[in-house]
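# need a 3D model of the following:
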Amino acid sequence: MTLNSTAFTFPLALAEKADLVFFSYDLATKHFTYLNPAFEKVWHTSRQSIRQNPLQLFKTVHSEDKLHVQGAYLDLRNGVLVEPIEFRIQVRHHPVRWISLKALLQEEPEAIMGYCQDITGQKEYTDYLNKFSDKKNAVLNILSHDLAGPLANIESLSYLLAHDLEEGKVQEAQYLLDIIRRSSQQGTLLIQEFLRQEFLEAMGTEVMKRRVDLVATIGTFLEEYQQTQQITGKTFHYLPGKETIYMELDDNKFIQVLNNLISNALKFTPDGGEISITLEEKEATVLIQVTDTGIGIPAQYHSTLFEKFTRARRPGMKGEPSVGLGMSIIKTIVEWHRGQIWFESQENQGTTFYMEIPKS
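Residues are numbered from 1 along each chain as shown. Reported below is the predicted structural model:
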């Protein structure tokens, strides 16, 4: 489709390859004089059909947004500078999509020109963040309430335990220790279940990539683990290879991947072990390695490790539970980034997970 004399002069080479939808609409003939190829990807409709019947395009606007779009069109015709508008479209056999459109009025010859883009992913991501923010206080209230019971029990029982030990009541002390252990497990399981649920809910949004410094992002994330080395009994090493590595990444989801891999490494690495994260920048990709000195993965589980509810699920060395979903989620997120994940492991010699992700 080429521009005629009434169309806005676009940098055609750029417009023809752009992901944004560029358009020019002749108000005299009431026809589109230009639509770039990106239009067909967003609307799933041929440019030729819309050029022949422009009203067909308005029919795709969601019924609840038609008045909003009409009002913006009239404002534009009356010379009012219109800010970018957002509305939904519904194309047959396709889900509802959100569109952001920016248009300008050209006086001579009279035409409307502009661009639009599919912002469905951004809208869903923003909704998720808002939901998370609104939920934060409620979650903290729930956790503080539900953890108050086990923690109060532990505090009270600790005083009784100290008293019994002073008086040499070993059997009574052992009984109190069992209660303290059960109360601690109750609180721990509550937190683990909450974190697992939050991780699974995060899977409901699209990948939202942005340019990030992977070295700094992972470094900030690992600080929390490095500060708990005395508690976990493991030593953490971070070997980025370079001071900065920039790439296009959904850093929130990718940190979930690392968190899950490190969580597994903690479960299956004995006290005194080591966990290392290594980054290697290549020409078009970045290779991330997570290595532990743990007990390894038995060979019979290698082929099914990334399956949902895999038979490879097993409790950690200290009895930590597993539902068998973690590795499946990790693989999904890596693939969403058009990356690959694989591993090498031998029993009693540790495990290394490799993830190679395109930089753009």
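# residue ranges with poor pLDDT in the stretch 151-300 of the chain?
Under the criterion pLDDT under 70, the flagged ranges of the stretch 151-300 of the chain are 151-157, 159, 176, 182-183, 185-206.
# can you give me the strands in it?
Ranges of strands in the stretch 151-300 of the chain, per DSSP state E, counting those that start in this stretch, are 210-213, 235-239, 246-249, 274-281, 285-292.
# what pairs with the third one, parallel or antiparallel?
If you go by DSSP bridges, strand 246-249 pairs up with strand 210-213 (antiparallel).
# buried sites along the partner strand?
Using 16 or more other CB atoms under 10 Å as the test for burial, strand 210-213 gives 212-213. In short, each C-beta sits where N, CA and C put it, glycine included.
# which residues does that strand contact?
Contacts with strand 210-213, where a contact means CB atoms under 8 Å, 6 or more residues apart in numbering, come from 244-251.
# and the helix or strand harbouring Gln48, what does it pack against?
Taking DSSP states H and E as the definition, Gln48 sits inside helix 47-52. Contacts defined by 3 or more CB pairs under 8 Å, 6 or more residues apart in numbering; DSSP states H and E place helix 47-52 against strand 31-35, helix 38-43, helix 55-59.
# any buried residues in stretch 60-79, and which?
Neighbour-count burial for stretch 60-79 [16+ other CB under 10 Å]: 60-62, 65, 69, 72-73, 76.
# do stretch 340-348 as well
341, 343, 345.
# how about stretch 98-105?
98-101, 103, 105.
# put the alpha carbons of that stretch into CSV.
C-alpha atoms of stretch 98-105 as CSV (Å, rounded to 0.1, in the frame of the first residue of the first chain):
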residue,chain,number,x,y,z
TRP,A,98,-6.0,-2.7,24.6
ILE,A,99,-4.9,-0.1,22.1
SER,A,100,-3.2,3.3,22.7
LEU,A,101,-3.7,5.8,19.9
LYS,A,102,-2.1,9.2,19.2
ALA,A,103,-3.5,11.2,16.3
LEU,A,104,-3.0,14.7,14.8
LEU,A,105,-5.1,16.8,12.4
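# got a list of contacts for that stretch?
In contact with stretch 98-105 (CB under 8 Å, 6+ apart) are residues 42, 72, 76-77, 79, 82, 84-89, 111-120, 122-123.
# which among the residues you listed end up buried?
Among these, those classed as buried by 16+ other CB under 10 Å are 42, 72, 76, 82, 85, 87-89, 111-120, 123.
# mind listing which of these are in helices?
Applying DSSP state H to these, the entries found in helices are 42, 72, 76, 120, 123.
# pull up the gap between the residue nearest to the spatial centre of the chain and Thr332, please.
Residue closest to the mean C-alpha point of the chain, counted by CA atoms, centre = their mean, is Lys253 at 3.1 Å. For Lys253, the distance to Thr332 equals 10 Å [CB to CB, to the nearest Å].
# what's the domain layout of this protein?
Per automatic domain parsing, the structural domains of the chain span 12-118, 123-206, 207-360.
# so what's the residue of the chain positioned farthest from its centre up against?
Within the chain, the residue lying farthest from the chain centre (CA atoms, centre = their mean) is Glu167, at 55.5 Å. Counting by CB under 8 Å, 6+ apart, Glu167 touches no other residue.
# same deal with the one 3 residues further on?
Counting by CB under 8 Å, 6+ apart, Val170 touches no other residue.
# how much space between it and Phe87?
The gap separating Val170 from Phe87 is 74 Å, by CB to CB.
# Thr33 too?
In terms of CB to CB, Thr33 sits 23 Å off from Phe87.
# likewise Glu335?
As judged by CB to CB, Glu335 and Phe87 stand 32 Å apart.
# is Phe22 bridged to anything, and to what?
Under the criterion used here (DSSP bridges), Phe22 is bridged to Tyr115.
# that one against Tyr34, yeah?
Yes - with contact defined as CB atoms under 8 Å, Phe22 counts as touching Tyr34 (6.9 Å).
# these two: which is more packed in?
The residue with more neighbours, out of Phe22 and Tyr34, is Tyr34; 25 against 22, by other CB atoms under 10 Å.
# list the contacts for the nearest residue to Arg88 once chain neighbours are set aside?
Leaving aside its chain neighbours, Arg88 sits nearest to His62 (3.8 Å; criterion: CB to CB, 6 or more residues apart in numbering). When contacts are counted by CB under 8 Å, 6+ apart, His62 touches 87-90, 96.
# need those residues in a markdown table (columns: distance to Tyr225 and pLDDT).
Formatted as a markdown table, the contacts of His62 follow (distance: CB to CB, whole Å; pLDDT from 0 to 100):
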| residue | distance to Tyr225 | pLDDT |
| --- | --- | --- |
| Phe87 | 45 | 93 |
| Arg88 | 42 | 93 |
| Ile89 | 45 | 94 |
| Gln90 | 46 | 92 |
| Val96 | 41 | 91 |
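# alright, I will stop here.
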